[in-house]
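Visitor: no FASTA, just this:
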């Protein structure tokens, strides 16, 4: 059985609008493809380890094949790392290119708004993110970046430059949630198949 991993962004969850849309689309149109949408740990190294463990478990199961990984924002950053490490095709949506710069403003006490978990984000967590930063792509033909210029959280130009050798869909307007994501669901699956 083919499988796809969907990774949400910072302070998000598998119940985010895009994750739910992706899961619903897959159940309706591709029930033969297993979709994993893990709740990522609030701390980077644990989140990365959990995703690596999931990838390894899929790879070791003879009945399953990991055909792709989809990631939004911080999930896009982790998806890029997974692409490079495992040569897995990736679709990244308004990806965080350098989250260790963006999240510096969040160092301190935090509450995960979906789960309610209280936690401390510390400077060494930025180092954990820097440690997996991927300045290049393993195989740019296997990566597709969906980016909207109206992203109010991330500077879209970082992604436009970072993923310039990959398949790139750069739309004017929009926002960080990527307005109209559903339009691309059939194409995302086709990209993996």
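Guide: Great, that's in hand. All of these numbers come straight from a predicted model, not from anything done at the bench.

Visitor: alpha carbons only for contacts and neighbour counts from here, please
Guide: OK.

Visitor: what about stretch 34-49, how long is it end to end?
Guide: From its first residue to its last, stretch 34-49 covers 21 Å (CA to CA, to the nearest Å).

Visitor: try stretch 162-169
Guide: Where stretch 162-169 begins and where it ends lie 13 Å apart, using CA to CA.

Visitor: distance between that stretch and the chain's centre?
Guide: Its chain's average C-alpha position is 15 Å from that of stretch 162-169, according to CA atoms, centre = their mean, to the nearest Å.

Visitor: How about stretch 38-54?
Guide: Centroid displacement of stretch 38-54 relative to its chain, using CA atoms, centre = their mean, is 12 Å.

Visitor: Now that stretch: average pLDDT?
Guide: Taken as a whole, stretch 38-54 has a mean pLDDT of 95.

Visitor: From residue 167, how far off is the spatially most central residue of the chain?
Guide: Centre of the chain computed as the mean C-alpha position; nearest residue by CA atoms, centre = their mean is residue 71, 1.7 Å away. Residue 71 sits 15 Å away from residue 167, going by CA to CA.

Visitor: Then residue 15?
Guide: To residue 167, residue 15 is 27 Å away according to CA to CA.

Visitor: ok, back up a step: doesn't the residue nearest to the centre of the chain lie inside a helix?
Guide: No - per DSSP: H, G, I helix; E, B strand; the rest coil, residue 71 lies outside any helix segment and is strand.

Visitor: Just confirm residue 18 contacts residue 179, I think it does.
Guide: No - using CA atoms under 8 Å, residue 18 makes no contact with residue 179, being 9.7 Å away.

Visitor: between the two, who's got more neighbours?
Guide: residue 18 (23 against 15; other CA atoms under 10 Å).

Visitor: got a list of what that one touches?
Guide: 177, 181-182 (CA atoms under 8 Å, 6 or more residues apart in numbering).

Visitor: switch the cut-off to 10 Å
Guide: Listed by CA atoms under 10 Å, 6 or more residues apart in numbering, the contact partners of residue 18 are 6, 8, 24, 71-72, 93, 177-182, 185.

Visitor: do residue 176 as well
Guide: 72-73, 93-95, 147-156.
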